[in-house]
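Participant: Fold the stuff below for me.
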Amino acid sequence: MVEVLAYFKNHLADNFAIYFIPLYIVGGRPGAILSAQLLGFKSYFLLPVVVVLDTLQIPFFYHLYDSISSRLPIKKIGQRFQRKGIHLQQSKFFLRLQLLGPPGVLTVTMLPIKGCGMWSGVLLSRLLKLPKQISYPLMIFGSLLGCVLLLGAGEAIMKSVQALCG
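Facilitator: Residues are numbered from 1 along each chain as shown. All right, here's what the predicted structure looks like:
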């Protein structure tokens, strides 16, 4: 394990700026931050870059959700549910989401696990019908907190590896 890390540190660290964006796209925030941190990059470089990349996703996902929800088949499905009397607002799932509210948007965007992040934060804020003036700062702050959480986890990993090696 130590040999693999040493190999990556010696061969990827010089050209890591080239690999950072693909790692972010494939591995998300955890993959990009942890790999950069293990290669020796400092948090003052990682934190702003990842938060900016996360922030750039928000308008894209809003546009995507708006374009999907305005499509004719989606509208027909929504009208069919309304005709049959199935109301989303009465479902247990939607009631739990409403209980989460704005702190739920922050939590969903902060967590470094699959299924959480900007995509889910935008979806939750749309389901809760939060205005963009509220949801944007929540998601940006959630990204910032998620980065800090990952940087702490990366530091813990690096210290445990150093303790094991000697």
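Participant: So which bits of the helix ranked longest in the chain are buried?
Facilitator: Longest helix of the chain, by residue count under DSSP state H: helix 132-165. Across helix 132-165, burial judged by 16 or more other CB atoms under 10 Å covers 135-136, 138-140, 142-144, 146-147, 149-151, 154. Bear in mind the C-beta positions are built from the backbone N, C-alpha and C, glycine included.
Participant: just checking, what packs against it?
Facilitator: helix 2-12, helix 16-38, helix 43-69, helix 92-110, helix 118-127 (3 or more CB pairs under 8 Å, 6 or more residues apart in numbering; DSSP states H and E).
Participant: Relative to residue 164, which of those is closest?
Facilitator: Minimum separation from residue 164 across the helices and strands packed on helix 132-165 (CB to CB) falls at helix 2-12, 8.1 Å.
Participant: and the closest one, average pLDDT?
Facilitator: The average pLDDT within helix 2-12 is 63.
Participant: go on, stretch 119-139?
Facilitator: 89.
Participant: how far does that stretch stretch from start to finish?
Facilitator: Terminal residues of stretch 119-139 lie 10 Å apart, using CA to CA, to the nearest Å.
Participant: And it, how far out from the chain middle?
Facilitator: Stretch 119-139 sits 13 Å away from the centroid of its parent chain (CA atoms, centre = their mean, to the nearest Å).
Participant: how would you label residue 114: helix, strand or coil?
Facilitator: coil (DSSP: H, G, I helix; E, B strand; the rest coil).
Participant: Residue 34: neighbour count?
Facilitator: 20 (other CB atoms under 10 Å).
Participant: any idea how far the residue lying closest to it once chain neighbours are set aside is from residue 68?
Facilitator: Nearest residue to residue 34, sequence neighbours excluded (CB to CB, 6 or more residues apart in numbering): residue 154, at 5.1 Å. According to CB to CB, to the nearest Å, residue 154 stands 35 Å off from residue 68.
Participant: What of residue 102?
Facilitator: Using CB to CB, residue 102 is found at 23 Å from residue 68.
Participant: quick one: which of those two has more around it?
Facilitator: residue 102 (15 against 10).
Participant: residues in contact with the closest residue to that one other than its chain neighbours?
Facilitator: Using CB to CB, 6+ apart and skipping the chain neighbours, the partner closest in space to residue 102 is residue 138 (5.7 Å). Applying CB atoms under 8 Å, 6 or more residues apart in numbering to residue 138 gives the contacts 102, 105, 106, 109, 121, 125, 130.
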